[in-house]
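> predicted model and sequence follow; I will ask about them next.
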Amino acid sequence: MTALIRNQWYVAAYSEEVGEPLLGRTILGEPLVLYRTQDGTAVALADRCVHRRYPLSLSGRDGDRIVCGYHGFTYEPSGACVYVPAQTRVPRTARVPSYQVVEQDSLVWVWIGDAGRADASRIPRAPWLNAPGYTTVRGMEPLAARYGLLVDNLLDLSHETYLHGGYIGTPEVAETPITTEVDEDAGIVYVRRRMTDVECPPFYANSTGIEGHIDRWQDIEYHPPGLYLLHSRIAPTGVEIGPDGDDSGAFHAEIVYAITPETENTTLDFWMVARDFAVDDAQVSEYLAKSNHTVVMQDVVALNALEKVIATEPEGYQELSINIDTGGLAARRMLKNLLGS
Amino acid sequence: MTATVYRIVWLPGSDRLHGTCHCGAEHDADDPVEMWTWLLAHPDHAAADQDGPPR
């Protein structure tokens, strides 16, 4: 499943990455240059000068314009070329494609596909990422693997026990049954794993200060193709949500992944951890950022190895799926449907 | 309007999956491939029962 799904919104960057410097990034095989105009608007243009294809991301700026670093073709944020060297007439075809951009929840989304089909109201939300009362650590790792492998990975968290032991994995994760729901109308896959009276992994013990056993919820909400949310609730065993909905006795981490195909066989793995505890504690932020980066890199190594296996295997290899794959299979089917829509 | 939601519960203490279609039909299965085949056969669950792998 390497086919790329067009006519979708994808995260191209974090808001904090888009600024005065020109940022080059490839999304679904399309090279983009991203930057921010002087009024603060994020812009995405095709990263190829119309003249001799020089990457605009390797060029310079003149105010809100990009001046090609090769021969000086100069582009407005709209993509229109307004200057070519040594002649007064700018050819009418001198324009680079521009991409629709929506910036929300600290993410820069771009629409890849037919411009007339873009509907910003369909972009899934992740409000914790810049909401008051939360602190977020984040990063991005390029994967030398197809995005479907990251979807498989994230929809089945039983792998935490084996791949991420000593960080977020404990024996109980792989041993606890899951409930899977698919909302066809909303286009969302839910996978819920609720663990009671279980070991607290170092990732949460060291960040929350909890000693002893915990109740641990892993509630996945996957919005195919590009956004994955893991609502993680950690509480000392026995601490329940109050009858009025008060859950202040628990710790909440909102784990967010933006899954952005770069090419058919490479992926941009944007990872974020937002938390509602120790929000002003820089040491906790540093610890969670370092630990989660380690976890992500464990996945990167594994998925890069898997990509090599899949790329070289004969056609017709039959996988075996078991109960832990119920959500992953649902996600694959939704992706397949999106591909055909 | 009722939401179009499929639900599969892995029954604790067993290897069994219990599926519920948005139409209310229910089914037990031993593996997720069989379960999804049955659920997505809606509204023809009976045919999926006949065509499915032996249980």
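Arrived safely.
> which is the next helix or strand following the top helix by length along chain B?
Counting residues, the longest helix found in chain B (DSSP state H) is helix B:32-40. Towards the C-terminus, the helix or strand next in line after helix B:32-40, according to DSSP states H and E, is helix B:45-51.
> return the set of buried residues in that next one.
For helix B:45-51, the buried set under the neighbour-count rule, 16 or more other C-beta atoms under 10 Å in any protein chain shown, comprises B:His45, B:Ala48. (Each C-beta comes from the backbone N, C-alpha and C, glycine too.)
> and it with chain A, contact?
No. When contact is scored as C-beta under 8 Å from any C-beta of the partner chain, no part of helix B:45-51 falls within range of chain A; the minimum is 15.3 Å.
> how about residues contacting that helix?
Defining contact as C-beta atoms under 8 Å, 6 or more residues apart in numbering or on different chains, one finds that helix B:45-51 is touched by B:Cys21, B:Ala25, B:His27, B:Thr37, B:Trp38, B:Ala41.
> what's the farthest-apart pair in those residues?
B:Ala25 and B:Thr37 (13.6 Å; C-beta to C-beta).
> which bits of chain B sit near chain A?
B:3-12, B:15, B:17, B:22, B:31-33, B:35-36, B:40.
> once you drop chain neighbours, what's closest to A:Tyr54?
The spatially closest residue to A:Tyr54, leaving aside those adjacent along the chain, is A:Tyr70, at 3.8 Å (C-beta to C-beta, 6 or more residues apart in numbering or on different chains).
> the one you found: neighbouring residues, count only.
Here the number of neighbours of A:Tyr70 (other C-beta atoms under 10 Å in any protein chain shown) works out to 15.
> returning to what we had before: between the contacts of helix B:45-51, which is nearest A:Leu303?
When the contacts of helix B:45-51 are compared for distance to A:Leu303 (C-beta to C-beta), B:Thr37 wins out at 27.8 Å.
> can you give me the helices for the stretch 101-250 of chain A?
If DSSP state H, counting those that start in this stretch is used as the criterion, the helices of the stretch 101-250 of chain A fall at A:147-155, A:159-163, A:171-175, A:202-208.
> who touches the second one?
What that stands for is helix A:159-163. Against helix A:159-163 from outside (C-beta under 8 Å, 6+ apart): A:Asn153, A:Ile168, A:Gly169, A:Thr170, A:Pro171, A:Val173, A:Ala174, A:Glu175, A:Gln298, A:Asp299, A:Ala302.
> roughly how far is it from the heart of the chain?
Helix A:159-163 has its average C-alpha position 21 Å from the chain's average C-alpha position, going by C-alpha atoms, centre = their mean, to the nearest Å.
> mind listing the strands the longest strand seen in chain B pairs with, and their directions?
Looking only at chain B and at elements set by DSSP state E, the strand with the highest residue count is strand B:5-10. Taking DSSP bridges as the criterion, strand B:5-10 forms sheet pairs with strand A:179-183 (antiparallel), strand B:17-20 (antiparallel).
> now do that strand against helix B:32-40, angle only.
Direction vectors for strand B:5-10 and helix B:32-40, defined by axes from the mean of the first three to the mean of the last three C-alpha atoms, to 10 degrees, enclose an angle of 150 degrees.
> hang on, the earlier thing: give me the buried positions along the longest helix of chain B.
Neighbour counts over helix B:32-40 (16+ other C-beta under 10 Å) mark B:Pro32, B:Val33, B:Glu34, B:Met35, B:Trp36, B:Trp38, B:Leu39 as buried.
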